[in-house]
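Chemist: take a look and give me a structure for this.
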Amino acid sequence: MSTAVGHIEAIFRYPVKSMRGEQLDAATLGWHGIDGDRRLAFRRLDNDGDFPWLCGSMLPEITWFTPFRRGDGDGVLPTHVRTPEGKELELFGDELAADVGRRHKAPVKMTPMKHGIFDEASISVIASSTIREVCRLAGKDADVRRFRPNILVRSARDTPFEEDEWVGGMLTFGDADDAPAIAVTRRDLRCAMVNIDPEGGRSAPEVMKACVRANQNNAGIYCAITRVGRLAVGQTVFLHRG
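Modeler: Coordinates of the predicted model:
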């Protein structure tokens, strides 16, 4: 059974883990997520554990750094990073690593990963109605950047947390026979990242509290890629159930 549940409202990728993302009109969905997504991260050199990567819950300031690409070419990865103070530094330069290490109070190193660096899954989806509801309950402006999804869906029903009902099904994008497809594996259990103001303001713990109160701290869904292809804003999103 196939049902049209909405359309793609926005697409995002985050070239450097926990840094600011970029909004795209279209993107290639590969077997390891959106092309160029989370392919770089700062590794904490003083950490030998299972998760050595520096993320926003450890250093909220990292979310205010903006990766960007200089020069011509078809590459998707950035070449430079703009600091919160507006300084433009080379991505793999010593100056950027020193700047971030100073803020973190421990040494770090920019590290590329061929297949990406993901906490839970290589693709995440959220409905705009869910974002509006969480932010309404928290008394904050609705800002998708707090939730860092790959795909923002404008739901036809416009019902908060509708994505929970998609778990166990498959989503396809567009009506072609070979449309890109993802299996919805589980709900997205939120962490303190949603509390971080995308514009560099104070932390707002009421955002995560709103997720807890409204939906057991879940907002959005995690997915696994089952068919690669081209994503584009405006594509119809279909839910398939066996």
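Chemist: quick one, phi/psi of Leu224?
Modeler: Just to correct that, residue 224 is Ala rather than Leu. Dihedral angles of Ala224 (phi, psi; degrees, to the nearest 10) stand at phi -120, psi 140.
Chemist: which pLDDT value goes with it?
Modeler: Note on Ala224: pLDDT of 98.
Chemist: do you know the pLDDT at the closest residue to it other than its chain neighbours?
Modeler: With CB to CB, 6 or more residues apart in numbering as the criterion, Ala224 has its nearest non-adjacent residue at 4.8 Å, and that residue is Ala183. Using the backbone N, CA and C atoms, a C-beta is placed for each residue, glycine as well. Listed pLDDT for Ala183 reads 98.
Chemist: who does whichever helix or strand Met110 is part of touch, helix- and strand-wise?
Modeler: In the assignment (DSSP states H and E), Met110 maps to strand 108-112. On a contact count with 3 or more CB pairs under 8 Å, 6 or more residues apart in numbering; DSSP states H and E, strand 108-112 meets strand 40-44, helix 94-104.
Chemist: just those: most buried one?
Modeler: strand 40-44 (a mean of 22; mean count of other CB atoms under 10 Å).
Chemist: contact partners of that one?
Modeler: 15-18, 52-54, 62, 67, 77-78, 91, 97, 100, 104, 106-113, 117 (CB atoms under 8 Å, 6 or more residues apart in numbering).
Chemist: buried residues of stretch 192-212, list them for me.
Modeler: Of all the residues in stretch 192-212, those buried under the rule 16 or more other CB atoms under 10 Å are Met193, Val194, Asn195, Ile196, Asp197, Ala204, Val207, Met208, Lys209, Ala210, Cys211.
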